[in-house]
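> This is the structure alone, sequence omitted:
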């Protein structure tokens, strides 16, 4: 008998519609004539899912007694006896009740497959064994029911039932997934938007990996060696040089453009292991590759281009990133095409990116103001004259004739022009003299003698030298102007960068110091303040590495900047808020490494001006930060005075009027009148006492001297006294407290006051007939208390403002207090190490969420 086929509906989270999709597929196949039975389906009370069971043949479940509880499980024997063509079995990762034939439901499904029965089942991504720890890190909830990856991979077909995270939360809020009592806790715990997004990505990536494995197996079976660009695989070639970090980051950006792209870093080493590479740099680049989500590989090969291409083809790479060659043009001319050109030629259908890397990490430095042409170019000019002259003479003498004199002279003139373009004025003059003598010796009668028989020949030689001098002068001037333009552009870029840092409000002082050292190629730069007593305080500093400063790699590390004598010290003028301090101290910029030339000093003065502005900005910011608490205290004080002028006067006036009336002897008051006046005075004084208590607590919270005693606290010991204080009965507040809730680490007195404030607000704004809900749940070592009402709610733009002191939802309600309740509640909760947040209630209203840590050793 042929083995049955397994189809699995994979979901990212409960409620995405896996069971629904399985039943719809079963109904489709049943209508086509397939013998389909429902072996086991869990509807979880969902009406739409239960409705799909109509018309299916249901296999009765097997009942199991365990510790006094009756459990129902899949009746494997009944399904095998019925022997349908297709069985629908829900929750593939389920653990069977003790005493069952198999420990796991997937083992029951395996038995059905062995019997030739096709099966459609469901599983969530959190139940896959290899992803168990990842899911726990995301959600904070350990999964005890798992299924081995190998079992799931053996499935003939895996289909992803996908639903956008916000759409799933909307279904949850509508009560489609869980009962209404569990919605709030689910939305704030497992079904957070970030959790659902991460689980969805995990499911998509896992399924993509399975598809990729199937693709690789298909290509191997059919001997397909070409690259199929199913998804981007970017290979970055590392040479062990400092440019590797630039290449890795560029490769990571290329891979990130395609969802699920892979980044692979590879270094080719020679078979004898003697190829030059810095182990320390490679180690750092390997760590960077792993931080960017890639992998590091090392291959052996003497032919670097071939090794790179073969590795890229073996990994089915679509992109190959290499650095631009560091060889000079002469070296490239003498040794032939480099690695880049060979890789491009051999890569075939693999795209090759050649990335420029003037310096590793993109460091910035100013061009040094030197002469127009470098020494190297002058040497190349002399070499060209010495080598090109004899070669040209050999070529021209082979075809010498009286008619070729003009062509011979122009040929030597061209040589002089080329030498001038390469090496400037002095090599060109040398080439002119050498070629003039050569013309006279080999081409002007009498031959093979250095004799100028005709005055015109002497004039030609002089003109020859003059033309060479003029051409070389033009080339030299063009080179100088090019260098000046490059330096001007670099100076403009530097000034724009430092000015932008100040404008953006960044930590410009440190950035300016670092930029100064890099731009001028210094060993170190320090910004130091020296006090009247001679003490030094380093405000900012930057020390270059041996690699950056051009020192040998084996040289001793540079001395501490504070111990080395600076080559240049520039005093800074500190203005504004630091004027008085500046009069007693001295701020200087110390530069070490080399003497600066005039052009560098001119640019440095502009940087110093930016440094002074940055220091002044920092001082003003610090002063503003110091004044902010004073401004806040002044605002609170003003609000407090306003509250005293209104809310304190009302209970005082009521109590005073009641007592004054009672003391008037000429008024005839009966017992009921006296009782009413006494009750008025008592209520007013009680309200006054409560108001004064809130004001004192608010002042303690503002001053940061709130006394908190954190102990393990049972929630029942806080909820019942809070309800008693509010004077509400069981029908006024709906309680939804988990029976296995762990103790909280809280101050019972403060927590009771928090609940009284939150429940009082919820009772005040809840519509008639709809009591507020107090729910509690534990999640990842945290206990959450949720006070839910169906009132008008709070607009999102006012969510943060309601926690400020003296804020009320409406100014027309004189019984709403002075607006300290939420401010005090937030201060109390934060003092206990928790948080208080406001959220929308699904369907309308406000939910206040109190999160407090569970007592140590009791978190679920």
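Perfect, I can see it now. The shown structure was predicted, so the numbers you read here are calculated from the model rather than taken from an experiment.
> After the helix or strand harbouring residue 610, which helix or strand is next? Please name it.
For residue 610, the host element (DSSP states H and E) is helix 598-643. Remark: after helix 598-643, the chain's next helix or strand is helix 649-663, criterion DSSP H and E.
> For that next one, which helices and strands make contact with it?
Packing partners of helix 649-663 (3 or more CB pairs under 8 Å, 6 or more residues apart in numbering; DSSP states H and E): helix 671-703. For every residue, glycine as well, the C-beta is placed using N, CA and C.
> Residues in contact with the helix or strand just after the helix it packs on: which ones?
Helices and strands here follow DSSP H and E; after helix 671-703, the next one along the chain is strand 711-713. Contacts with strand 711-713, where a contact means CB atoms under 8 Å, 6 or more residues apart in numbering, come from 743-748, 751, 855, 858.
> With secondary structure, distance to residue 210 and neighbour count added, can I get these in TSV?
Output for the contacts of strand 711-713, formatted as TSV (DSSP: H, G, I helix; E, B strand; the rest coil; distance: CB to CB, whole Å; neighbours: other CB atoms under 10 Å):
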residue	secondary structure	distance to residue 210	neighbour count
743	coil	44	18
744	strand	44	29
745	strand	44	20
746	strand	47	31
747	coil	52	21
748	helix	53	18
751	helix	49	25
855	coil	43	19
858	coil	40	15
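> Quick check: the farthest pair among those?
747 and 858 (17.1 Å; CB to CB).
> What part of this structure, helix or strand, is modelled with the least confidence?
Least confident helix or strand, the chain: helix 579-584 with a mean of 46, by mean pLDDT, DSSP states H and E.
> Which elements pack onto the next helix or strand after that helix?
Using DSSP H and E, the helix or strand that follows helix 579-584 in sequence is strand 586-592. When contacts are defined as 3+ CB pairs under 8 Å, 6+ apart, strand 586-592 sits against helix 508-520, strand 524-530, strand 568-572, helix 598-643.
> if you set the cut-off to 6 Å instead, what comes out?
Here strand 586-592 touches strand 524-530, strand 568-572, going by 3 or more CB pairs under 6 Å, 6 or more residues apart in numbering; DSSP states H and E.
> List the buried residues for the first one?
Right, the one you point to is strand 524-530. 524-529 (16 or more other CB atoms under 10 Å).
> Quick one: list the elements packing against the strand or helix carrying residue 848.
Using DSSP H and E, residue 848 sits in strand 846-853. If you count contacts as 3+ CB pairs under 6 Å, 6+ apart, strand 846-853 packs onto strand 744-746, strand 782-788, strand 835-840.
> That one: which residues count as buried?
Using 16+ other CB under 10 Å as the burial criterion, the residues of strand 846-853 that qualify are 846-853.
> Go ahead and flag the most central residue of the protein.
The structure's the chain has its C-alpha centroid closest to residue 292; by CA atoms, centre = their mean the separation is 10.6 Å.
> Run a quick check on residue 292 versus residue 252, I expect a contact.
Yes - with contact defined as CB atoms under 6 Å, residue 292 reaches residue 252; the gap is 4.2 Å.
> intersection of neighbour lists for those two?
Common contacts of residue 292 and residue 252 (CB atoms under 6 Å, 6 or more residues apart in numbering): residue 263.
> For the residue nearest to the centre of the chain, give me its contacts.
252, 263.
> From residue 424, how far out is it?
Distance of residue 292 to residue 424, given as CB to CB, to the nearest Å: 46 Å.
> Ok, residue 844 next?
In terms of CB to CB, residue 844 sits 83 Å off from residue 424.
> repeat for residue 829
Counting by CB to CB, the separation of residue 829 from residue 424 is 78 Å.
> swap in residue 430?
11 Å.
> And the two? Which one has more around it.
Neighbour count, other CB atoms under 10 Å: between residue 430 and residue 424, residue 424 has more, with 24 against 19.
> Give me the pLDDT value at that one.
At residue 424, the model reports a pLDDT of 76.
> One more: the one 5 residues further on?
Per-residue confidence at residue 429 stands at 79 (pLDDT).
> Over to residue 69?
78.
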